[in-house]
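A.B. asks: with the input below, show me the fold.
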Amino acid sequence: MAKVHLNYSKNEFMNSTMKEIVDLWKLHGEFNGWKFKKEKNQDRRVYIDQIL
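C.D. replies: Alright, predicted model coming up:
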């Protein structure tokens, strides 16, 4: 999507932040008429000690 529609190079895409990628994905979905389910629990925080 980023490479084809926005002409991002692989390097530009890899240097994008996660928020930028998620925002692009949401815009892509809205443009294509996709419906996204909203989760009941909107608190999606993850702390580093939960991962390690």
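A.B. asks: buried residues, the host helix or strand of Gly29. List them.
C.D. replies: Secondary-structure element containing Gly29, defined by DSSP states H and E: helix 18-31. Neighbour-count burial for helix 18-31 flags Leu24 (criterion: 16 or more other C-beta atoms under 10 Å). C-beta coordinates here come from the backbone N, C-alpha and C atoms, glycine included.
A.B. asks: what of stretch 7-15?
C.D. replies: Residues Tyr8 are the ones in stretch 7-15 that count as buried (16+ other C-beta under 10 Å).
A.B. asks: now do it, average pLDDT.
C.D. replies: Stretch 7-15 shows a mean pLDDT of 83.
A.B. asks: what is the helix holding Gly29 packed up against?
C.D. replies: Applying 3 or more C-beta pairs under 8 Å, 6 or more residues apart in numbering; DSSP states H and E, one finds that helix 18-31 contacts helix 2-6.
A.B. asks: next structured bit after the helix it packs on?
C.D. replies: Reading on from helix 2-6 to the C-terminus, the next helix or strand found by DSSP H and E is helix 10-14.
A.B. asks: just checking, what packs against that following helix?
C.D. replies: Where contact means 3+ C-beta pairs under 8 Å, 6+ apart, helix 10-14 is packed against helix 2-6.
A.B. asks: quick one: Val46 from Leu52, how far?
C.D. replies: As judged by C-beta to C-beta, to the nearest Å, Val46 and Leu52 stand 11 Å apart.
A.B. asks: output stretch 29-39 as CSV, nothing but the C-alphas.
C.D. replies: The C-alpha coordinates for stretch 29-39 follow below in CSV (Å, rounded to 0.1, in the frame of the first residue of the first chain):
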residue,chain,number,x,y,z
GLY,A,29,-9.4,0.8,4.9
GLU,A,30,-11.7,3.8,4.9
PHE,A,31,-10.9,4.6,1.3
ASN,A,32,-11.8,1.0,0.3
GLY,A,33,-15.0,1.0,2.4
TRP,A,34,-13.8,-1.5,4.9
LYS,A,35,-15.5,-1.7,8.3
PHE,A,36,-13.3,-2.0,11.3
LYS,A,37,-14.6,-3.5,14.5
LYS,A,38,-14.1,-1.3,17.6
GLU,A,39,-13.0,-3.2,20.6
